[in-house]
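In: Fold the following.
(2 chains)
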Amino acid sequence: MTDSATRLEVLAAARERIALFLTLLMILLYFGFIGLVAFARPVLARRVVPGLSLGILLGALVIVASWLLTWVYVRWTSEHYDGEIERLREAA
Amino acid sequence: MIVQETAIGQPNPVAEMFFFGFIAVTLGITWWAAQRTRTTEHFYAAGRSVTAGQNGLALAGDYMSAASFLGIAGLVSTTGFDGLIYSTGWLVGWPVVLFLIAEPLRNLGRYTFADVLAARLRPAPVRVAAAAGTLATVTLYLIAQMVGAGGLITLMFGLSYETAIVVVGAAMIAYVLFGGMLATTWVQIVKAVLLLGGAALLALMVLWRFDLNPARLFAAAAERYGDGVLAPGKLVANPLDALSLGMALMFGTAGLPHILMRFYTVPDARAARQSVFYATGLIGLFYLMTFVLGFGAMVLVGPDVIRAVDKGGNMAAPLLAELLGGRPFLGFIAAVAFATILAVVAGLTLSGAAALSHDLWVNVVRHGRAAEGEELKVARVATLGLGLLAVLLGIAFKGQNVAFMVSLAFAIAASGNFPALLLCIFWRGCTTAGAVASMVVGTVGTLTLIALSPTVQIDILQRSEAWFPLKNPALVTFPASFAAGILVSLLTANADLRAGYRRWERRMHLGVVEETHGHERGS
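Out: Here you go, the predicted structure:
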């Protein structure tokens, strides 16, 4: 196996690992929220501050978490992935 | 009951002005795009010339339908918290699209998601199955949008239902037929800017009355309509229903053909990734604003008034706009809602036309040996046919409650399209028979179970009970589709396919290397 093929494999495996990890995190966060909606309604009715129930807060946080996870991924790929892929493509 | 004086349903000069302005601008864009649409690559993929930022806006435009703008605002204003399940559910699929789908799709395909399957597996069977899934998703989504459009325009402008449907159909056909993907992209961008701007303005005007503090708004809602409005209520009485709906919304997003098609409009995988990042930001912002719009309409307009105008609650946002900004602002929001529908149906029609011409005609009927001009011609005929079909179905389903069709379209996308795509991209052992089994089980299973569900059996056919207990079948069909794909692949295991996987992986990460020199032709 050539050196560049090995480097590509290592790089691709790293990207797949982080993509899979972030996907699982997103699934856990969202289905955690839906699980609470389905099975723990009184918990979500609790107030955090007057007017703001835990349910509304967590709903908004799911959206904010989606932003953060996509940001982490884009940040990681631009720092550790794109440059190396570009070099490998030129070598191909 | 207090009835708010409303101009909804009366001719509104401001609405007409914005509406004709939007039509004029978008037809101008179409004329401009038509000069630049000469090849299939232009027609399906805007010549791959769309930037990441533009595509981010266009993805948002394609995705944020009137159902989410008017529907969620209406649902929140009449039920409170329950509507927010949709607000979050409609966003959480986007990170999944980013992490798993966008980049491989761009590197492995050309125009449709079936290209990805056909590049690795036997082309004819997977293209037929993928086209069936695409057309099922697109048709259901189109019916929901057309019927919604007809009702909405009748309610807001006082036009007859049939006239409204014909106007929407004509404009949508004009965009796609002449301007292809380039015109469709810019219609999406204009619409996204209008919708985000309109919703932001409306949300700010609401918050202004509550010292810019959303908690005050929610507190006012709880004070007037009980603490129940801030917690889950009867919409999710059955926990399994909530899980099933969540599954359809999350994974359906990653299987919507008109969304997937947009990744081919950008120059490379990096731009595809960047565009999903922008789209997630914009769409998330929009759904956060629906929290404020919904509760704002509940407190300021009131659920009774909203239901008195339209029992589905769809007029919550327009009523709120009228209350806060008078008839001119109502006119603006009405025109924005109209633009929203037009843009979504244009994107749907284009992806349906691509499935018919690129997948079925050129690559199955003609075995990939059709000339460029022929493919373009067939794509245009398909556009016209689908556009007319949408108009006819829109009229045929007049007065029916079709809201469930959107979540059904998501269930098919989640069960019929997404699992096969994921298995084909990431699993070495996936075979042609496996992918086809996954798509058939997902699509046919979803259609069958929805026909047996309470939504159809009890709500529409007025039977006393339904054979299948869930309103949304994704909880069953999504895992079943994966199971079918894996099981059949294992039974038909094929050493050649496994051996080819290394080359496939290389292309998934690097793209078609020749393409960067500009002469990739034929697949």
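In: Need the residue closest to the centroid of chain B.
Out: Of all residues in chain B, the one closest to the mean position by CA atoms, centre = their mean is residue B:63, 4.5 Å from it.
In: wait, what's in contact with it?
Out: For residue B:63, the set of contacting residues under the criterion of CB atoms under 8 Å, 6 or more residues apart in numbering or on different chains consists of B:90, B:253, B:256, B:259, B:279, B:283. C-betas here are computed from N, CA, C, even on glycine.
In: residues contacting the closest residue to the third one other than its chain neighbours?
Out: Read that as residue B:256. Nearest residue to residue B:256, sequence neighbours excluded (CB to CB, 6 or more residues apart in numbering or on different chains): residue B:413, at 4.9 Å. Residues near residue B:413 by CB under 8 Å, 6+ apart: B:133, B:137, B:251, B:252, B:253, B:254, B:255, B:256, B:257.
In: same deal with residue B:298?
Out: For residue B:298, the contact set (CB under 8 Å, 6+ apart) comprises B:76, B:77, B:78, B:80, B:221, B:224, B:225, B:229, B:316.
In: mind redoing it with 6 Å?
Out: Taking CB atoms under 6 Å, 6 or more residues apart in numbering or on different chains as the contact definition, residue B:298 lies against B:77, B:221.
In: The closest residue to chain A within chain B: how many residues sit nearby?
Out: Among all residues of chain B, residue B:219 sits closest to chain A, at 2.9 Å; criterion: CB to the nearest CB. By the other CB atoms under 10 Å in any protein chain shown criterion, the neighbourhood of residue B:219 contains 20 residues.
In: burial count for the closest residue to residue B:185 other than its chain neighbours?
Out: On the basis of CB to CB, 6+ apart, the spatially nearest residue to residue B:185 that is not a chain neighbour turns out to be residue B:58, at 4.8 Å. Close neighbours of residue B:58, defined as other CB under 10 Å, add up to 30.
In: Please tell me I have it right and residue B:283 contacts residue B:59.
Out: No - taking CB atoms under 6 Å as the contact criterion, residue B:283 and residue B:59 are not neighbours in contact, 8.0 Å apart.
In: In terms of packing, which of these two has more residues around it?
Out: Residue environment comparison for residue B:283 versus residue B:59 gives the larger neighbour count to residue B:59, 29 against 26, counting by other CB under 10 Å.
In: Helix, strand, or coil at the nearest residue to residue B:360 once chain neighbours are set aside?
Out: Counting by CB to CB, 6+ apart, residue B:131 is the residue found nearest to residue B:360 once chain neighbours are left out, at 5.1 Å. Look at residue B:131: counting by DSSP: H, G, I helix; E, B strand; the rest coil, its state is helix.
In: Ok, the one 4 residues further on next?
Out: When classified by three-state DSSP, residue B:135 comes out as helix.
In: Can you give me the end-to-end span of stretch B:412-424?
Out: 18 Å (CA to CA, to the nearest Å).
In: coming back round to it: let me know the helix or strand that the residue nearest to residue B:185 is in.
Out: Mapping residue B:58 onto the secondary structure by DSSP states H and E places it in helix B:52-63.
In: can you check residue B:377 too?
Out: Element membership for residue B:377, per DSSP H and E: helix B:372-396.
In: avg pLDDT for the helix or strand following that helix?
Out: Proceeding N to C from helix B:372-396, the next assigned helix or strand is helix B:404-412, under DSSP H and E. Mean pLDDT, computed over helix B:404-412, is 87.
In: How far off centre is helix B:404-412?
Out: The gap between where helix B:404-412 is centred and where its chain is centred comes out at 10 Å by CA atoms, centre = their mean, to the nearest Å.
In: Likewise for stretch B:270-285?
Out: Mean-position distance between stretch B:270-285 and its chain equals 15 Å (CA atoms, centre = their mean).
In: what about the stretch 301-450 of chain B, any weak spots by pLDDT?
Out: Under the criterion pLDDT under 70, the flagged ranges of the stretch 301-450 of chain B are B:401, B:403.
In: same thing but 90
Out: Counting by pLDDT under 90, the stretch 301-450 of chain B contains low-confidence ranges at B:306-315, B:326-328, B:330-342, B:362, B:365-373, B:397-408, B:428.
In: Walking through it, point out its helices one by one.
Out: Here the stretch 301-450 of chain B has its helices, by DSSP state H, counting those that start in this stretch, at B:303-309, B:316-354, B:372-396, B:404-412, B:418-426, B:432-451.
In: Next, the angle helix B:404-412 makes with the longest one.
Out: Using axes from the mean of the first three to the mean of the last three CA atoms, to 10 degrees, the inter-axis angle of helix B:316-354 relative to helix B:404-412 is 50 degrees.
In: Least confident secondary structure element in chain B?
Out: Within chain B, confidence by mean pLDDT, DSSP states H and E is lowest for helix B:66 among all helices and strands, at a mean of 79.
In: So what touches that one?
Out: The set of residues external to helix B:66 that reach it, using CB under 6 Å, 6+ apart, is B:148, B:337, B:340, B:341.
In: what residues does the following helix or strand past that helix touch?
Out: Towards the C-terminus, the helix or strand next in line after helix B:66, according to DSSP H and E, is helix B:72-79. Identification of contacts with helix B:72-79 by CB under 6 Å, 6+ apart yields B:83, B:86-87, B:233, B:235, B:290, B:293-294, B:297-298, B:303, B:306, B:313-314, B:316-317.
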